[in-house]
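Peer 1: pasted the sequence and its predicted model underneath.
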Amino acid sequence: VMAHENDPALGGCQFSRFFEVTPQELIAGGLYKDLAKSCFPGRHRKVSLVLLAKSLGATPARADLRVSGSIADAGDLISGGIGEGSTSLA
């Protein structure tokens, strides 16, 4: 799965840039055969991140969990408990 950041404020670029910097033999070998999942800014951000998460195998969360729409918030959740001695999200 490839994720493509579109938001310039987060280091994003036009997708066509990848074809300018990727060696032709990798392109010809099918590197971009499957489309990258685009991560758009603004009002499309939450949907972009949900679609990316689904392509990585995410499943719907339990009813008691809420999605904030921010990768940073997800990182805080992970660094704040899961993986640091905690065995549960609850």
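Peer 2: Nice, I can see it.
Peer 1: where along this protein do the strands fall?
Peer 2: Secondary structure of the chain by DSSP state E: the strands cover 3-5, 37-39.
Peer 1: any weak-confidence spans in this protein?
Peer 2: For the chain, applying pLDDT under 70 flags the ranges 63-90.
Peer 1: follow-up on the earlier one: of the strands of the chain, which approaches G11 most closely?
Peer 2: strand 3-5 (6.2 Å; Cβ to Cβ). For every residue, glycine as well, the C-beta is placed using N, CA and C.
Peer 1: before we move on, the earlier item: could you single out the most deeply buried of the strands of the chain?
Peer 2: Comparing the strands of the chain by mean neighbour count (mean count of other Cβ atoms under 10 Å), strand 37-39 comes out on top with a mean of 18.
Peer 1: could I get the strands of the chain as TSV with distance to R17?
Peer 2: Shown next, in TSV, are these (distance: least, Cβ to Cβ, whole Å):
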stretch	distance to R17
strand 3-5	10
strand 37-39	13
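Peer 1: closest to F15 out of those?
Peer 2: strand 3-5 (5.7 Å).
Peer 1: who does that closest one pair with, and is each partner parallel or antiparallel?
Peer 2: strand 37-39 (parallel) (DSSP bridges).
Peer 1: so I27 makes contact with E20?
Peer 2: No - in this structure, I27 is not within contact of E20 by Cβ atoms under 8 Å, at 10.6 Å.
Peer 1: ok, these two, which is more surrounded?
Peer 2: Taking neighbours as other Cβ atoms under 10 Å, I27 and E20 compare with I27 leading, 13 against 8.
Peer 1: show the contacting residues for the more buried one.
Peer 2: By Cβ atoms under 8 Å, 6 or more residues apart in numbering, I27 lies in contact with F19.
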